[in-house]
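K.L.:
based on what follows, work out the 3D shape:
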Amino acid sequence: MNNEINNLSAYLFHQGTNYRAYEYMGAHKENGRYVFRVWAPNADAIYLVGDFNTWTEDMPMYRITDGIWECVDDGYRIAEGDVYKYKIWSAGKATYKTDPYGVYCEKTPNTASIIYETDYEWQDSA
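P.N.:
Next comes the predicted model:
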């Protein structure tokens, strides 16, 4: 996603008028690599954790706006079907959270999100 569209998507998200936020937030493949975005305005730090990094804090997310955090898989470690969560640090406490914009998740009692690319084209009329 180019910066102009990225900036517009973030701007509209903050305005509450990005009616397609699901296309921007969450996990998406962009230019051959996975990009993760999550809304966490009160977080002190966030890490992307999952099976691909044995749930360690080696993939930090970066605050790209006042509340939106982003992580790009530049190492091409993540693949479709991988399980992940966000490890959010706030007030000295870590909490594991599933992706609120995730499109696929584990069956209960597990709660992690699963990388899954959707390319479904709706066939009904407007």
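
K.L.:
where exactly do the helices run in this structure?
P.N.:
3-15 (DSSP state H).

K.L.:
how about Gly32, what does it touch?
P.N.:
Tyr76 (CB atoms under 8 Å, 6 or more residues apart in numbering). C-beta: built from backbone N, CA, C; applies to glycine.

K.L.:
pLDDT value on it, please?
P.N.:
pLDDT recorded at Gly32 is 87.

K.L.:
quick one: it from Asp74, how far?
P.N.:
11 Å (CB to CB, to the nearest Å).

K.L.:
show me the contacts for the closest residue to Phe13 other than its chain neighbours.
P.N.:
Once flanking residues are discounted, Phe13 sits nearest to Ala21: 5.5 Å by CB to CB, 6 or more residues apart in numbering. Ala21 makes contact with Ser9, Leu12, Phe13, Tyr101, according to CB under 8 Å, 6+ apart.

K.L.:
farthest-separated two in the residues you listed?
P.N.:
Leu12 and Tyr101 (14.8 Å; CB to CB).
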